[in-house]
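Student: My questions concern the predicted model and sequence given below.
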Amino acid sequence: AEEDLIRSEQLSFAGQLAAGICHEIRNPLTTIKGFFQFIKEMDHKEEKYFDVIDEELNRIEKITTELLLLAKPNSESRSKQNLVELVENVQMLLSTQAVLKEISIETIFLDEELIIDCDVSKIKQVLINLIKNAIEVMDRGTITITAKRSGNMALLSIADEGPGMSQEHIQKIGEPFFTTKEKGTGLGLIICLNIIKNHNGKMNIESELGEGTTFKVSLPLVQ
Ligand code: ADP
Ligand code: MG
């Protein structure tokens, strides 16, 4: 199954996003408020109730941090970078995390130099989000990152050996706050889409249930 992930209706989601933000932040706030009230009335304060509050506060912090990434798409400083080096950089960054799950991150560079004009930290963010997602859905196995030139575009693919996604599952991707993870925020891929769009690129997804998922990113090369 293949889907073009940059669909205009998904990127004009201000209203949807605002409602989502309220919902996502209100849930942990309600829990915090409830537990706080509860603790106030207790004679013997129990650690575990503080832990619940702590966890919910962390959740709010995580969501707001990720939302900030979405809110600042224009504060970009561009420079010419070799995409191959950025991939190697992020691969190194995440390999320790991957090794803990017996996952190896392999790279195949069909071209050694893929120069793009980009905001380094933002493109790294995209790579981190996509590779992290792959790590999170796998128990063990290999994540294969391929990079090559095609015409005036740099093509990057990140293939995992995870559970893959059904057509319905793929359709939901790009909806703010859609997550299937207990501790997920459902913002990672939207952040990626935004950054790639700002770099005049594209992102596609290919996924087959039981087979795995491949995210394909294309970015314009410097001429
Ligand atoms: P989060 O990781 O916080 O859930 P994302 O926006 O990164 O948010 O991803 C949204 C959802 O897309 C995930 O919860 C998962 O259901 C699905 N998804 C993303 N990447 C993959 C993948 N590589 N394999 C299977 N499902 C994925
Ligand atoms: Mg994610």
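Tutor: Nice, I can see it. Ligands and ions are numbered 1, 2, ... in the order given.

Student: Test for you: state the pLDDT assigned to the nearest residue to E208 once chain neighbours are set aside.
Tutor: Counting by C-beta to C-beta, 6 or more residues apart in numbering, E208 lies nearest to G164, which is 5.0 Å off, once chain neighbours are set aside. In this view, the C-beta of every residue, glycine as well, is placed from N, C-alpha and C. pLDDT, G164: 97.

Student: Torsion angles phi and psi at G164?
Tutor: phi 70, psi 180 (degrees, to the nearest 10).

Student: and what of the one 4 residues further on?
Tutor: Torsion angles at E168 (phi, psi; degrees, to the nearest 10) stand at phi -60, psi -40.

Student: just the one 10 residues further on next, same as before
Tutor: F178 has phi and psi values of phi -70, psi 120 when expressed as degrees, to the nearest 10.

Student: OK, contacts around it?
Tutor: Neighbour list for F178: K172, G186 [criterion: C-beta atoms under 8 Å, 6 or more residues apart in numbering].

Student: wait, does stretch 213-223 contact ligand 1?
Tutor: Yes - residues of stretch 213-223 contacting ligand 1 under C-beta under 6 Å from any ligand atom: T213.

Student: Okay, helices next: where are they in this protein?
Tutor: 8-11, 14-40, 47-71, 83-99, 120-137, 167-172, 188-198 (DSSP state H).

Student: Out of those, which gets nearest to E211?
Tutor: helix 120-137 (12.2 Å; C-beta to C-beta).
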